[in-house]
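Student: structure for this input, please:
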Amino acid sequence: DESDGVVGDGLGVYEVTVEPLADGIYDIFVQLEDTAGNISEDSEALNVTIDTLAPQRPTIDLRDIDDTGRNDMDDTTIGDPLLTVGEVNVRYSAELDQRVIIKDGETVIDDFIFDAAQDATDGGATDLFGQRLIDFVANAVAFGIPAEGAHPISVEVFDVAGNRSAQSEELLITVDFTPPAAPSIPDLNASSDTGMFNDDNVTATQEAHFVGTAEANSHIRIYATPISGALPAGVLGVPQLVGEGVVRSDESDGDGTDGLGVWEVTIEPLEDAIYEITAEVEDKAGNISQLSEALTMEVDTYKPNTPYLDLIAASDSGRHDEDNVTNDNTPTFTMSTQDDPNDPTHLIAANYKFRLYVRPEAAAVGVTGEELLLYSSFADFADFTALDFLQRTVQQLPDGYHNFKLEVEDRAGNISDDYLLDVIIDTQAYQG
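Tutor: Okay, here's the model as predicted:
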């Protein structure tokens, strides 16, 4: 009588451990039998659920819209585009009234009950999936976990009976909201830099090949901005996306620790003009770098117009100074050229190289042989020249018929059509 704490009320406390019960729902009631064998009526029933099974293993995934960058399946993100950087929404599974725990590594970052309101957060009110915000920037303050970097996110649930599920498969979310550094200035590959020099950025190749370095494994985009040339109105000064590619691994630049890789891109065909070539990269999370410094280059596919070669009047002796018959065996010629339609849009003003040859004496009647170079403006100036008119005296030549050939090559390597001039040299006095 004293066990219930009230002496004299005729009541005492009882405790009974029952035999093992299988999982299920039970009504538990008691009967009392006194010492004389009298049995009481049944007590009111207590409804008890026995549940010893662990809950189903939950799942967790990053929403596609939150998986920023070019690939929405790589779990690399800046953060939800509609929120601030470092905030993402994850979609998880659970059953009603379960306790849900979300962890970053071994740190619990969220703990809540999955109820009907939570079930509706992913847009489906009865699908047993919910959506939960993870703020990695706030968690850096609250838990000391750096916001940027890899986060092994997992979820586990506890049912009402306290049974714990297996932990979900880890969702490795990489948070990156720092833009990559600008790529190196694009470099016109030597194989695309046509002409005598493979480093002057003047080319006759319209589908040019560029190389450079940038953040490893990022996506590279090449832009061409025409700054001079015979192009339609509204084109000059407007950047055009002309090529894309993928930056290779960190080892590709020869240094496996600098985070940089080599890229190579062959661009779409460009019209003849002068361009500024720039590049930008986008990392896996979708951060975009600033534009690189610009490479100024020229595309020139037009060969110079057919040049003109003329024996000057002072060298054209005799009664007629236009018949190209002379007794001057060191004749003087004028050479001229023009480069329409590109002129005057050249990147480098010194754009011409004149070459004057004398061909085999009987070339006109089909006899072949080696041409003799009489004059090269490149040897004269040690470079290309901006002059489009030259006058030069050539070496002493023997008497006879001579077939002269003039050609002009521009800096891009385009060579004009030949201009041919027949000259007769006769230094022998008439023997009457």
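
Student: the strands in the stretch 301-432 of the chain, which residues?
Tutor: 308-311, 325-326, 332-336, 352-359, 372-376, 389-393, 400-410, 419-425 (DSSP state E, counting those that start in this stretch).

Student: highest mean neighbour count out of the ones you listed?
Tutor: strand 352-359 (a mean of 22; mean count of other Cβ atoms under 10 Å). C-beta coordinates here come from the backbone N, C-alpha and C atoms, glycine included.

Student: who are the packing partners of that one?
Tutor: strand 332-336, strand 372-376, helix 377-381, strand 400-410 (3 or more Cβ pairs under 8 Å, 6 or more residues apart in numbering; DSSP states H and E).

Student: re earlier: among the strands of the stretch 301-432 of the chain, which comes closest to residue 19?
Tutor: Nearest of those to residue 19, taken as Cβ to Cβ: strand 400-410 at 103.0 Å.

Student: where in the stretch 251-400 of the chain is pLDDT low?
Tutor: 340-344, 361-369 (pLDDT under 70).

Student: 50 instead, please
Tutor: Low-confidence segments of the stretch 251-400 of the chain (pLDDT under 50): 362-367.

Student: rewinding a little: to residue 172, which of the helices and strands packed on strand 352-359 lies closest?
Tutor: Using Cβ to Cβ, the nearest of those to residue 172 is strand 400-410, at 56.4 Å.

Student: before we move on, back to that, okay if I get the helices and strands packed on strand 352-359 as JSON lines plus distance to residue 24?
Tutor: Formatted as JSON lines, the helices and strands packed on strand 352-359 follow (distance: least, Cβ to Cβ, whole Å):
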{"stretch": "strand 332-336", "distance to residue 24": "107"}
{"stretch": "strand 372-376", "distance to residue 24": "104"}
{"stretch": "helix 377-381", "distance to residue 24": "100"}
{"stretch": "strand 400-410", "distance to residue 24": "94"}
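
Student: residue 214 is nearest to which of these?
Tutor: strand 400-410 (33.0 Å).

Student: now the closest one and strand 352-359, what's the angle there?
Tutor: 160 degrees (axes from the mean of the first three to the mean of the last three Cα atoms, to 10 degrees).

Student: picking that back up, between the helices and strands packed on strand 352-359, which one is closest to residue 283.
Tutor: That would be, of the helices and strands packed on strand 352-359 and by Cβ to Cβ, strand 400-410, which comes in at 41.3 Å.

Student: what helices and strands are in contact with the closest one?
Tutor: Identification of packing neighbours for strand 400-410 by 3+ Cβ pairs under 8 Å, 6+ apart yields strand 308-311, strand 352-359, strand 419-425.

Student: show me what the second one is in contact with.
Tutor: Identification of contacts with strand 352-359 by Cβ atoms under 8 Å, 6 or more residues apart in numbering yields 196, 304, 307, 309, 333, 335, 337, 339, 369, 371-378, 384-388, 390, 392, 394, 397, 402-411, 420.

Student: contacting residues for residue 104?
Tutor: Residue 104 neighbours (Cβ under 8 Å, 6+ apart): 134, 139, 143, 145, 151, 152, 153.

Student: quick check: bridge partners of it?
Tutor: residue 107, residue 153 (DSSP bridges).

Student: confidence score at it?
Tutor: With respect to pLDDT, residue 104 has a value of 98.

Student: do you know how far it is from residue 51?
Tutor: Separation of residue 104 from residue 51 (Cβ to Cβ, to the nearest Å) stands at 29 Å.

Student: centroid residue for this protein?
Tutor: residue 220 (1.6 Å; Cα atoms, centre = their mean).

Student: how close does it sit to residue 347?
Tutor: 24 Å.
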